[in-house]
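Just to be clear, the model below is a prediction. Sequence and coordinates:
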Amino acid sequence: MLLETRDAPPFYKNGYVLACDQTREAIIIDPGDEVDELLRIVSGQRLHVRHILLTHAHIDHIFAMGAFADVEVVAAAAERPLFEHQLALEWDEDSIQGYNNIFPTFTEAQKTAKPFLPTIWVETQQVFGSPKNNVVFATTGGHTTGSSYVSFPSESVLVTGDLVQVDKYPYFGDETTDLTVWVDTLKSWYATNPARVCPGHGRVVDRDYLRLEWEYFENLVAALRTLKNDGVSMEDAVIHPSLPAGCWVDNCPEPRWFKHCIALTYSRL
């Protein structure tokens, strides 16, 4: 089995190509700004793309789905409202600039992007491929309502979407983010002892990184709950020194949206 990943700076959102060595049939996972690299892999390896699997509907994970013609696109049924919202957006100057503040390559990408609604909606789980070499697409929620992942049981590999974000500040500021579900998902994956964990952002890791991420979320929620019970305001809580250190690298710059994530978590306690 062939598994290739490519990313695009500055956020290093990962796109994946999975293919069978014998049939040359391939699956693309979360095509985004790195799509030219994915297309080069498909062409160079003489692959036939049969499906696109989308782990969630955030724009950086779906923007390049239109680069693959006549391909079935798979996503969680629970994520449909977010897909419909994204596709209904009017790309005026203000909205483009807003996205560009988060994704600096957005302006150029938006000119050629052709996202569309997925064609296969999965309620809980769907299996692709052969019995000996199958690919499982399953929905869990957590990062968004319909956050999903892809597993390759024969290789003990997980492609997690943004439920795992490595060496970066994690984004947990979606209106449908559920940290309880997110942590439970990480723990359930850890128990399966995966050989490789392929994240939505950052390098491929082993299962130990799952623990780092869930412990950060648990410690953050505990610290925010204590601050809230002590009457500390949201404005002070998001910058409070008692908040736990994260699992990102020391030289990682804090994104402008990170305090929003903390504030949203505080507001839900």
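Great, that's in hand. Treat the numbers as computed from the prediction; the structure is a model and nothing was measured.

And Gln86, how far from Leu212?
30 Å (CB to CB, to the nearest Å). Backbone N, C-alpha and C define where each C-beta goes, glycine included.

Ok, Ser154 next?
The gap separating Ser154 from Leu212 is 27 Å, by CB to CB.

Over to Asn229?
Taken as CB to CB, the span from Asn229 to Leu212 is 26 Å.

ok, these two, which is more surrounded?
Shown here are Asn229 and Leu212; by other CB atoms under 10 Å, Leu212 has more neighbours (15 against 9).

Show the pLDDT at the more buried one.
On pLDDT, Leu212 comes in at 97.

Touching, it and Cys247? I think so.
Yes. Leu212 sits in contact with Cys247 when judged by CB atoms under 8 Å, with a separation of 4.0 Å.

got the residue ranges for the strands in the stretch 101-250 of the chain?
With strands called from DSSP state E, counting those that start in this stretch, the stretch 101-250 of the chain shows them at 120-122, 125-130, 133-139, 148-152, 157-159, 196-198.

for the last one, packing partners?
It refers to strand 196-198. strand 157-159 (3 or more CB pairs under 8 Å, 6 or more residues apart in numbering; DSSP states H and E).

Then the longest one?
For strand 133-139, the helices and strands in contact under the criterion 3+ CB pairs under 8 Å, 6+ apart are strand 120-122, strand 125-130, strand 148-152.

Could you pull up the mean pLDDT of the shortest one?
Within the predicted structure, the mean pLDDT of strand 120-122 is 98.

Name the surrounding residues that touch it.
Under the criterion CB atoms under 8 Å, 6 or more residues apart in numbering, residues 51, 72-77, 80, 126, 137-139, 148 lie in contact with strand 120-122.

likewise the second one?
In this structure, residues lying in contact with strand 125-130 by CB under 8 Å, 6+ apart are 20, 27, 50-51, 74, 120, 134-139.

Any buried residues in stretch 41-53, and which?
Neighbour counts using 16 or more other CB atoms under 10 Å place 41-42, 47, 49-53 of stretch 41-53 among the buried residues.

which stretches of the protein aren't confidently modelled?
Within the chain, the ranges that satisfy pLDDT under 70 run 9-11, 90-91, 99, 101-113.

Thank you kindly, that will do.
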